[in-house]
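A.B. asks: got a structure for you, letters missing:
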């Protein structure tokens with residue numbers, strides 16, 4: 001949740017805000033909304049934005065600021081994501097090249113997909129994840145989640161395909177490379193497995209708890225290649241109970 005909160009706050013801060021207008025005018029409403037947002041009073045900001053947008057529904061920048069404010073509130077307190085996604089979809093339709101909108105819409109769609117997957121609404125989750133991939137295809141997070149969805153259903157080949165597609169974007173998701181590395185090993189591609197699992201180690205600052213599992217999988221891959229010395233070295237860093245097999 002902290003990453004989502006940081007994303008919303010970061011994108012909100014970079015928006016250009018106005019500073020002068022008559023308080024009783026429509027421009028004054030927008031200025032008041034922006035001032036409240038800068039002051040961290042999102043509840044008042046939302047109210048001012050809503051009042052302004054009733055008269056100016058096609059003001060792209062105001063709608064974007066309003067939507068980011070809703071997103072910031074959601075990142076802090078949770079709640080209904082539907083209005084945020086609805087606004088982001090509208091913004092995306094108007095300006096599909098807006099990278100801020102692409103990023104936030106993808107984040108919110110992924111969260112929707114995760115909720116559906118947790119509830120075992122697999123078809124819905126798949127549809128939402130694929131929409132997230134289409135919106136922001138260069139990130140890889142949606143394809144990683146889509147891969148986990150397939151893995152959750154026991155569909156190893158589609159999961160592997162999505163993990164590979166996600167890894168090609170080089171997202172900083174250590175668990176992705178752990179899953180992909182193990183998938184390479186299960187397919188007998190031990191060289192790629194070792195290289196891929198090594199990325200978990202490189203990103204260890206983000207998920208140190210995955211290191212023992214990664215080292216165990218590396219040791220198993222080296223063992224399968226007949227490289228006993230390398231396997232023993234990796235095994236020393238693996239979790240207790242790691243077995244190399246026959």
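C.D. replies: Yes, it's here. Since we're looking at a predicted model, the values are computed, not measured.

A.B. asks: now the element after the worst-scoring helix or strand of the chain on mean pLDDT, going C-ward?
C.D. replies: Within the chain, no helix or strand scores below helix 2-13, which has a mean of 49 by mean pLDDT, DSSP states H and E. Moving toward the C-terminus from helix 2-13, the next helix or strand (DSSP states H and E) is helix 26-38.

A.B. asks: by contact count, what packs against the helix or strand just after that following helix?
C.D. replies: Moving toward the C-terminus from helix 26-38, the next helix or strand (DSSP H and E) is helix 42-55. Contacting helix 42-55 under the criterion 3 or more Cβ pairs under 8 Å, 6 or more residues apart in numbering; DSSP states H and E are the following elements: helix 26-38, helix 60-77. Where C-beta positions appear, they are placed from N, C-alpha and C, glycine not excepted.

A.B. asks: which parts of helix 42-55 are buried?
C.D. replies: 42, 45-46, 48-49, 52-53 (16 or more other Cβ atoms under 10 Å).

A.B. asks: export the helices and strands packed on helix 42-55 as CSV, with columns for distance to residue 137, mean pLDDT and mean neighbour count.
C.D. replies: Output for the helices and strands packed on helix 42-55, formatted as CSV (distance: least, Cβ to Cβ, whole Å; pLDDT from 0 to 100; neighbours: other Cβ atoms under 10 Å):
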stretch, distance to residue 137, mean pLDDT, mean neighbour count
helix 26-38, 30, 83, 19
helix 60-77, 21, 88, 20
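
A.B. asks: out of those, the one nearest residue 116 is which?
C.D. replies: For residue 116, the closest of those is helix 60-77, at 17.4 Å, according to Cβ to Cβ.

A.B. asks: distance from the closest one to the middle of the chain?
C.D. replies: 18 Å (Cα atoms, centre = their mean, to the nearest Å).

A.B. asks: by contact count, what packs against it?
C.D. replies: helix 2-13, helix 26-38, helix 42-55, helix 82-94, helix 99-118.

A.B. asks: SS state for residue 165?
C.D. replies: The assignment at residue 165 comes out as helix when based on DSSP: H, G, I helix; E, B strand; the rest coil.

A.B. asks: give me every residue that touches it.
C.D. replies: 140, 143 (Cβ atoms under 8 Å, 6 or more residues apart in numbering).

A.B. asks: shaky segments in the protein?
C.D. replies: Low-confidence segments of the chain (pLDDT under 70): 1-27, 246.

A.B. asks: in JSON lines, list the helices and strands packed on helix 42-55 along with distance to residue 199.
C.D. replies: Converted to JSON lines, the helices and strands packed on helix 42-55 look like this (distance: least, Cβ to Cβ, whole Å):
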{"stretch": "helix 26-38", "distance to residue 199": "39"}
{"stretch": "helix 60-77", "distance to residue 199": "28"}
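
A.B. asks: which of the ones you listed sits closest to residue 225?
C.D. replies: helix 60-77 (45.4 Å).

A.B. asks: packing partners for the helix or strand containing residue 229?
C.D. replies: Using DSSP H and E, residue 229 maps to helix 228-236. Counting contacts by 3+ Cβ pairs under 8 Å, 6+ apart, helix 228-236 packs against helix 211-224.

A.B. asks: centre of the chain to the helix it packs on, how far?
C.D. replies: For helix 211-224, the distance to the chain centre is 27 Å (Cα atoms, centre = their mean).
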